[in-house]
Structure formats: C-alpha cells, structure tokens
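Undergrad: how would this look folded up:
(one chain, ligands or ions: 1)
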Amino acid sequence: MPALLTRVLDRLMLQGTITEAEPVAARMRRLRIEGPALAGLDPRPGQQVRILVDGTLTRRTYSVWRYDPSGAVELCVLDHAEAGPGARWGQSARTGDTVRLGKPEGSFVLRPDAAHHVFVGDETASVAFGAMLAALHEGKAVSGCVETQTPGDRLPVPHAGRLDWSLRGTISLPDAVRRLNPPPGGIAYVAGEARTVQQVKRTLVQDAGWDRRAVLTKPFWAPGKRGLE
Ligand SMILES: Cc1cc2nc3c(=O)[nH]c(=O)nc-3n(C[C@H](O)[C@H](O)[C@H](O)COP(=O)(O)OP(=O)(O)OC[C@H]3O[C@@H](n4cnc5c(N)ncnc54)[C@H](O)[C@@H]3O)c2cc1C
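TA: Numbers count the residues shown, from 1 in each chain. As a prediction, this is how the structure comes out:
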C-alpha cells in the first residue's frame, strides 16, 4: 500500500492486532482484535464495525460480538458457500495480523426498556443477537426464531434456550414467527438475508398485529450482492 494512503488510513481508521482466532461454531470463527486505539469505544449492543478485509480498500461490516473497554473488539465471521473477501478474511486471519477498522456504528441496537424482546434471523444475524442478549437483564422476556444450516452452526448466545432454533429448509422464518406468534407490545429485532427480513416484518405486522415501528430491521446480506454496507 502506498505510504500516502497508509497515512490517510492511519488518520481515518482505528488499528488493532488479532490476539485470538478460533472456531466458535461449525462455520464461524471468533476473532479478537486488541489495541490501545480500541479502548473506551463504548459500542451499543447490536452495533457493527467496518473492517478493511484485504490489502486494498475493500470493506465488510461485522457486528460486535463482545467488547472489552480496556481495548478489545470481538467479531464472529461466517464462512459461507460463495465466500468473498469478507469470508476469506475471516478464515485466513491469524493472531498477530494487523486489522484496520472503523468505530462502532448503526442503529440496529437493543432497546433495553422494552417489555419483551423478539429476535428473528439467521446465523449472520445471531452475532448481533448475542451481543444484545448478553446486555439484557435476567428476568426480561425473550423469545425468537433463529435459522441455521446445521445444528453445529448455532452460536453460543446467552439465553439460547429461550429461542426457537430451526434448520434451513424445514420451516421458513416467516412460518416460524407465525408459529411463535409473539404478542405485540415489545420490540422485535429482525436481521439477516434481505428479502427474508422484509417477509418477517410483514408477518409480524400483518399476521401478529405488531406496530411496524416496533419491528427493527437490518438486512445483513442479499444473494448476488457484494458487501451490503
Ligand atoms: C450491519 C451488518 C452486520 C453484519 N454482521 C456480520 C457478522 O457479525 N458476521 C458475518 O459473518 N457477517 C456479517 N455481516 C455480513 C458481512 O458484512 C459480509 O457481507 C459477509 O461476510 C459476506 O462478505 P463476503 O465478502 O464473503 O461476500 P460478498 O462478496 O459480500 O458476497 C458474495 C455473495 O455471497 C453470498 N453471501 C454473502 N453473505 C452471505 C451470508 N452471510 N450467508 C450466505 N451467503 C452470503 C451472496 O450471494 C453474495 O452475493 C454483516 C453485515 C451487515 C450489513
């Protein structure tokens, strides 16, 4: 990378070093990135960071799985069938690698005061769900539907036993939500594949009677599209 570009990136982006890289589910690796620049960032549960995933300026976005205020950001990166630069980075990242990343951002975040919390999405979405669930007080009402390709793809999220887990191809997410039939009055967090996100929102609003403003949505990926954000 030319020296001028390196200096610009040094000013615009944070930098850290991978200190842990290990499988956290069948097709997901957990990457821990540490460095003094990552101290005191205070991400809200559900927020994401943008990562420079190769030697060029290609960026991909990842939810913050865990955050340590002393200066560590943890991500979980899925190895999917059409692996592009993001998934390849997730697979090849090694301890000692330098990573450039942006500050945490985004409004797909936990609304801690809601009466109950409903999480709907796929393996990619479950990373943000894990951060949100970890921040919820015991005793908060939690439910949801999470779809994965295999049982081994289930992320070890807090309160996992309170979510309905299904395998792709057995029941669609909108049908799983119809079966769950969560009562309106809480907040729903819906993320993952773009079209499914819209279908689930429609199901919550039209079939389950939810106020559309109580359904927070975030498309994380779409077939045929590259790096949605
Ligand atoms: C707010 C936000 C948060 C995100 N959080 C995470 C996270 O925590 N962990 C994570 O792994 N990803 C997350 N993503 C998705 C991530 O940003 C990348 O899109 C993903 O890693 C794919 O990048 P890629 O370069 O491998 O594939 P791309 O080059 O972007 O896409 C190539 C093709 O692969 C397919 N594809 C892309 N993503 C997926 C997928 N997730 N599952 C199945 N097929 C796919 C599509 O057909 C796509 O056209 C998030 C995205 C957003 C917008």
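Undergrad: The closest residue to the ligand within the chain: what's it in contact with?
TA: Closest contact between the chain and the ligand, by CB to the nearest ligand atom, is at Gly84 (2.3 Å). Where C-beta positions appear, they are placed from N, C-alpha and C, glycine not excepted. Neighbouring residues of Gly84 by CB atoms under 8 Å, 6 or more residues apart in numbering: Arg60, Arg226, Gly227.
Undergrad: Would you agree the last one is in contact with Leu57?
TA: This points to Gly227. No. The pair Gly227 / Leu57 is not scored as a contact, 11.6 Å apart, by CB atoms under 8 Å.
Undergrad: Compare these two (neighbour count), which wins?
TA: More crowded of Gly227 and Leu57, by other CB atoms under 10 Å: Gly227, with 14 against 11.
Undergrad: Who's the closest spatial neighbour of the more buried one, skipping the chain neighbours?
TA: Arg60 (5.1 Å; CB to CB, 6 or more residues apart in numbering).
Undergrad: what's across from the one you found in the sheet?
TA: Counting by DSSP bridges, Arg60 is bridged to Ile51.
Undergrad: what sits against it?
TA: Arg50, Ile51, Val53, Gly84, Pro85, Gly86, Trp89, Gly227.
Undergrad: Narrow these to just the buried residues.
TA: Arg50, Ile51, Val53, Pro85, Gly86, Trp89 (16 or more other CB atoms under 10 Å).
Undergrad: which ones are touching Val77?
TA: Val77 makes contact with Met28, Arg29, Leu31, Tyr62, Gly86, Ala87, Trp89, Gly90, Gln91, Ala93, according to CB under 8 Å, 6+ apart.
Undergrad: how about the second one, secondary structure?
TA: To tie it back to what came earlier, the one meant is Arg29. Of the three states, Arg29 takes strand under DSSP: H, G, I helix; E, B strand; the rest coil.
Undergrad: Tell me how many other residues surround it.
TA: 21.
Undergrad: Would you mind confirming that it makes contact with Ser92?
TA: No. Arg29 is beyond contact range of Ser92, at 9.6 Å (criterion: CB under 8 Å).
Undergrad: Do I have it right that Ile33 meets Ile18?
TA: Yes. Ile33 is in contact with Ile18 according to CB under 8 Å; the separation is 5.7 Å.
Undergrad: Who has more neighbours out of the two?
TA: With neighbours defined as other CB under 10 Å, Ile33 and Ile18 compare such that Ile33 has more, 26 against 18.
Undergrad: if we can go back for a sec, drop anything exposed from the contacts of Val77.
TA: Met28, Arg29, Leu31, Tyr62, Gly86, Ala87, Trp89, Gly90, Ala93.
Undergrad: Bridged to the first one, which residues?
TA: Beta-bridge pairing of Met28 under DSSP bridges involves Ala25, Leu78.
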